[in-house]
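[1] Have a look at this fold, sequence not included:
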């Protein structure tokens, strides 16, 4: 949902990826944004499938949802930035050693200092999560920002290229470890990673 493609699951479906849309709705309420009545107490997506979603594309709920998303674009940007600000301390908190914390912080700073770095960091957190949740693992291995930073080589002059290569590696590893075939997503994921080097 929205410019950040915030994930919102129906009650019957709980996936490994971090669900951001309910968090975004809470953020809007904290900013004193009035939500449509039906969204005020709706933690779960009311549409149970892709088909159900599109069958209801012009329903009153869908129309009010689209209007809300259109009206709150600046808040969506704020929410995305806030997620990145929270990511670094959360990543530091789950790393087991000072050496690992130092390394991840160095890679974060290297990427952030490149022309497209802040965009890449913000987008990746929004796209594949922080990598701090145990739910975001297949066979014990994650695919979030933390895992990308951990897998950067740290030895070149081009931090953003390292970041993209590490992201590609952890996403391919996710596909390899996934309980069902996710390979059809790889082309789209790689196209998104390419935007970090423009």
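    Cool, got the structure. The structure presented is a predicted model; accordingly, all values stated were derived computationally and were not measured.
[2] Would you mark the buried spots in the helix ranked longest in the chain?
    As assigned by DSSP state H, the longest helix anywhere in the chain is helix 73-94. Neighbour counts over helix 73-94 (16 or more other Cβ atoms under 10 Å) mark 75, 76, 79, 80, 83, 84, 87, 88, 91, 92 as buried. For every residue, glycine as well, the C-beta is placed using N, CA and C.
[3] want to try CSV for those, with pLDDT as columns?
    Shown next, in CSV, are the buried residues of helix 73-94 (pLDDT from 0 to 100):
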residue, pLDDT
75, 95
76, 92
79, 91
80, 86
83, 83
84, 85
87, 90
88, 92
91, 95
92, 96
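[4] which stretches of this structure have low pLDDT?
    Scanning the chain for pLDDT under 70 picks out 14-17.
[5] Now the most centrally placed residue in the chain: which helix or strand?
    Centroid-nearest residue in the chain, with Cα atoms, centre = their mean: residue 126, separated by 2.5 Å. Assigned by DSSP states H and E, residue 126 belongs to helix 117-128.
[6] any idea how the chain splits into domains?
    Using automatic domain parsing, the domain parsing of the chain gives 1-71, 83-197.
[7] Single out the most deeply packed of those.
    Among the domains of the chain, domain 83-197 has the highest mean neighbour count (mean count of other Cβ atoms under 10 Å), at a mean of 17.
[8] quick check, distance from it to the centre of its chain.
    Here domain 83-197 is found 10 Å from its chain centre; the criterion is Cα atoms, centre = their mean, to the nearest Å.
[9] ditto for stretch 47-56
    22 Å.
[10] what do you get for stretch 6-23?
    Offset of stretch 6-23 from its chain centre (Cα atoms, centre = their mean): 11 Å.
[11] shift numbering so it begins at 59
    Yes, from this point I'll number from 59; that puts the last item at stretch 64-81.
[12] Now do the contacts for the nearest residue to residue 212 once chain neighbours are set aside.
    Using Cβ to Cβ, 6 or more residues apart in numbering and skipping the chain neighbours, the partner closest in space to residue 212 is residue 165 (6.1 Å). Shown in contact with residue 165 (Cβ atoms under 8 Å, 6 or more residues apart in numbering): 207, 208, 210, 212, 217, 220, 221.
[13] what about 7 Å?
    207, 210, 212 (Cβ atoms under 7 Å, 6 or more residues apart in numbering).
[14] SS state for it?
    When classified by DSSP: H, G, I helix; E, B strand; the rest coil, residue 165 comes out as helix.
[15] Would you mind measuring from it to residue 176?
    The gap separating residue 165 from residue 176 is 14 Å, by Cβ to Cβ, to the nearest Å.
[16] Tell me how far the nearest residue to the residue nearest to the centre of the chain once chain neighbours are set aside lies from residue 186.
    Leaving aside its sequence neighbours, residue 184 sits nearest to residue 62 (Cβ to Cβ, 6+ apart; 4.8 Å). To residue 186, residue 62 is 12 Å away according to Cβ to Cβ.
[17] before we move on, what about residue 174?
    17 Å.
[18] what's in contact with the helix or strand that the helix holding residue 184 is followed by?
    Downstream of helix 175-186, the first helix or strand assigned by DSSP H and E is helix 203-208. With contact meaning Cβ under 7 Å, 6+ apart, helix 203-208 is reached by 145, 149, 162, 165-166, 179, 182-183, 188-190, 221, 224-225, 228.
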